[in-house]
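In: The sequence isn't on hand, but the structure is:
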DNA sequence: GGAATTTAGTTGTAGACAGCATGTC
DNA sequence: CTACAACTAAATTCC
């Protein structure tokens, strides 16, 4: 099907724009979507492989919708994906389609979101916007759910189905387009959504899957399994691909493995890559810690590792360099499998097992493997893609072949049933006024995927949860169930009700808490990510006893919660070092974390401090002032005395400390002692600061 | 005697959304 | 119920 045939649906302007992008013909699955009613107004589930043109299907549907005066919400699982899609969709502004973005990090201006025709968000942000009654939400006429198979995710899948249920309730004629990887029960999702199902295994670039073991590769080609000769180790397989001018993506199961393999391969890669010293330098701009040095060493020779311990700009840098074909090999943890689109000629899945607590090491899911394998083959560059699992012996290789290559991905099952998710969403359903009786709440949940998949009634579970919320003072029920003021606040802050309760109790019980006590308080919360305790972390225990009298909670040594407490306390100590201006690299090595981890912990703490401040305020507790100040310090990683300086643009924790030590404590001082400041942080920076703040 | 190598024992394990108001080294 | 790679310390061999 030629795109010209789409004129009547998406206008000739849109068709022209597609042609400018080099799209003149639809891929078979795209054609099928059109044939099956993409422009007819019905709901659709599109379950096709990665890179087979899902996004374009959504774009066509959205343009069609916008032309008819509709407004589209496009939800994705990651902030990085949100900005990727935003950049992509913004091209439509040439024909007058306004595109906006809203994530925790980055918002288009509010009034703009009201005008936008297409809004890209993460599913959590979308839910939060609904909770905060963003005016434009009720104008949404079409919802696109990208990566809809993530409904299966235990941590974050529930949000997706609840969001669908809420938006459908707000606008019963809402059109839904769900984009999913190929899964065996896509029909269930389609039936739940009352949608037309388009399924296909078609790929623009053929994918060959196989298993490597020393000396040979078992390959699955059209028809059957064949055995071909190969090198004796992974290095030689990598080398072979490089020789043919291809790039390699290797998936490992741990950061450590990814890093050491990238380092090992850098000596092989250097013969095939141009000099990347400039990139290596760029890696070190914001951080010169151990991990960054290691990454820089690899990148210099065109090899790299990629995991959540990297700083975001480092990740983007590596991704960009790989796309530009400067970096030839990336050894990644599963971050990259679910993240932004980064295809390679050859994908090697080395970490086929993963450690799970209580389970020892277990095989990863077939669907996870398929996700990784699907990254093989670059459209326009490779004529085929190849995915290889690494096995040790022939027997193992055959086993891997059967389990993964020939295996079927797991069914997607709803994870909404777990108590914490139900509690979280029940409060929001009450606070938003979607339901105010037990029956109403039950009725609401009966429209979720969870209810579709499970026959049994949720009545008792819901009743228990409402009772719990009532006990915590978040809802009142006398005939009808309504949210209290604080319940409504907690729903809007998007925190776990249990976090809200912990904060509320603190506001009730204490009027004076030390820095350490406040830091530990947020670490006691289920919303906080905790650091791990290593064997060599006995010092944490000693520190804990030093702070014993300050803390709001300190279990007995014999308590079952003692180890968990130490993790909370270790995390709090880390934040304590951060707000006391301990150097980032020193913190990282002391706590055994990477720079990206520190940033994440800090970011989460910042968010929770905001919530704590609001709850303290609501209680009329004077501590809210302290909390606000500490929150400010966490944001910038400084002691109290630097807060004023650090509010200035271009002045961070390091420059502020230099200035302060020289007696420059405010903008006025900076103006007065300009020459001193210039000597300390450079003339250009001072100029910038002053330019920014001259009023 | 001291370095080099083998062996036994120990350690540690993926990822990332949310508020609010604007920006580092 | 499960692993395993990487590191460290101890034991053994080699020069």
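Out: On my side now, so go ahead. Quick caveat, the model's predicted, so the values are computed rather than measured.
In: okay, CA-based contacts and neighbour counts for the rest of this
Out: Will do.
In: Up against DNA strand C, what does the stretch 301-450 of chain A have?
Out: Within reach of DNA strand C by C-alpha under 7 Å from any atom of the strand, the stretch 301-450 of chain A has these residues: A:355, A:358-362.
In: wait, which of those is closest to residue A:521?
Out: The closest of these to residue A:521 turns out to be residue A:358 (C-alpha to C-alpha; 27.9 Å).
In: number of nearby residues for the closest one?
Out: Neighbour count for residue A:358, taken as other C-alpha atoms under 10 Å: 6.
In: now residue A:418
Out: Neighbour tally, residue A:418, other C-alpha under 10 Å: 12.
In: Please apply the same query to residue A:618.
Out: 15.
In: can you redo the residues of the stretch 301-450 of chain A next to DNA strand C as JSON lines with distance to DNA strand B, pLDDT and secondary structure?
Out: As requested, those are exported to JSON lines (distance: C-alpha to the nearest atom of the strand, whole Å; pLDDT from 0 to 100; DSSP: H, G, I helix; E, B strand; the rest coil):
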{"residue": "A:355", "distance to DNA strand B": "5", "pLDDT": "88", "secondary structure": "strand"}
{"residue": "A:358", "distance to DNA strand B": "9", "pLDDT": "78", "secondary structure": "coil"}
{"residue": "A:359", "distance to DNA strand B": "10", "pLDDT": "79", "secondary structure": "coil"}
{"residue": "A:360", "distance to DNA strand B": "7", "pLDDT": "82", "secondary structure": "strand"}
{"residue": "A:361", "distance to DNA strand B": "7", "pLDDT": "84", "secondary structure": "strand"}
{"residue": "A:362", "distance to DNA strand B": "11", "pLDDT": "89", "secondary structure": "strand"}
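In: Measure how buried residue A:456 is and give me the count.
Out: Neighbours around residue A:456, by other C-alpha under 10 Å: 8.
In: Can you say which helix or strand has it in it?
Out: With elements taken from DSSP states H and E, nothing contains residue A:456; it lies in neither a helix nor a strand.
In: In contact with residue A:41: list those residues for me.
Out: Residue A:41 makes contact with residue A:175, according to C-alpha atoms under 8 Å, 6 or more residues apart in numbering.
In: List the neighbours of the helix or strand harbouring residue A:101 that are in contact with it.
Out: Using DSSP H and E, residue A:101 sits in strand A:99-102. With contact meaning C-alpha under 8 Å, 6+ apart, strand A:99-102 is reached by A:82-83, A:86, A:89-90, A:92-93, A:107-108, A:112-113, A:116-122, A:125.
In: Could I have the buried ones of those residues as PyMOL selection syntax?
Out: Buried residues among the contacts of strand A:99-102 (16 or more other C-alpha atoms under 10 Å), as a PyMOL selection:
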select buried, chain A and resi 82+83+86+89+92+113+116+117+118+119+120+121+122+125
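In: Excluding chain neighbours, what is closest to the residue most central in space within chain A?
Out: A centroid search over chain A (C-alpha atoms, centre = their mean) returns residue A:78, at 3.8 Å, as the residue closest to the centre. Take residue A:78 and drop its neighbours on the chain: the residue closest to it by C-alpha to C-alpha, 6 or more residues apart in numbering is residue A:122, 6.1 Å away.
In: Please apply the same query to residue A:644.
Out: residue A:666 is the one closest to residue A:644 (C-alpha to C-alpha, 6+ apart), at 6.3 Å.
In: gap between the one you found and residue A:643?
Out: Separation of residue A:666 from residue A:643 (C-alpha to C-alpha, to the nearest Å): 10 Å.
In: low-scoring pLDDT stretches of chain A, where are they?
Out: Across chain A, residues meeting the criterion (pLDDT under 70) sit at A:695.
In: need the residues of it near DNA strand C, please.
Out: A:256-257, A:260-261, A:355, A:358-362.
In: please redo it, this time with the cut-off set to 6 Å
Out: For chain A, the residues in contact with DNA strand C (C-alpha under 6 Å from any atom of the strand) are A:257, A:260, A:355, A:358-362.
In: and the residues you listed as CSV, adding distance to residue A:167?
Out: As requested, these are exported to CSV (distance: C-alpha to C-alpha, whole Å):
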residue, distance to residue A:167
A:257, 43
A:260, 47
A:355, 38
A:358, 39
A:359, 38
A:360, 41
A:361, 40
A:362, 38
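In: And the furthest pair within those residues?
Out: Farthest apart among these by C-alpha to C-alpha are A:260 and A:358. That separation is 26.4 Å.
In: For residue A:77, which residues are in contact?
Out: Taking C-alpha under 8 Å, 6+ apart, one finds A:122-123, A:146-147, A:150 in contact with residue A:77.
In: whoops, I mixed them up, residue A:574
Out: Applying C-alpha under 8 Å, 6+ apart, the residues contacting residue A:574 are A:587, A:591.
In: Just to check, residue A:214 is in contact with residue A:392?
Out: Yes. The pair residue A:214 / residue A:392 is scored as a contact, 6.7 Å apart, by C-alpha atoms under 8 Å.
In: who's more crowded, these two?
Out: Between residue A:214 and residue A:392, counting by other C-alpha under 10 Å, residue A:214 is the more crowded of the two (17 against 12).
In: ok, that one - contacts?
Out: A:230-233, A:391-393.
In: next one: residue A:265
Out: For residue A:265, counting by C-alpha under 8 Å, 6+ apart, the contacting residues are A:235, A:303.
In: Point me to the helix or strand that includes it.
Out: Going by DSSP H and E, residue A:265 is in helix A:255-269.
In: just residue A:506 next, same as before
Out: Using DSSP H and E, residue A:506 falls within helix A:497-509.
In: does DNA strand B sit close to that helix?
Out: No. Contact of helix A:497-509 with DNA strand B (C-alpha under 6 Å from any atom of the strand) is absent, the minimum separation being 11.1 Å.
In: Let me know the next secondary structure element after the helix holding residue A:265.
Out: helix A:277-283.
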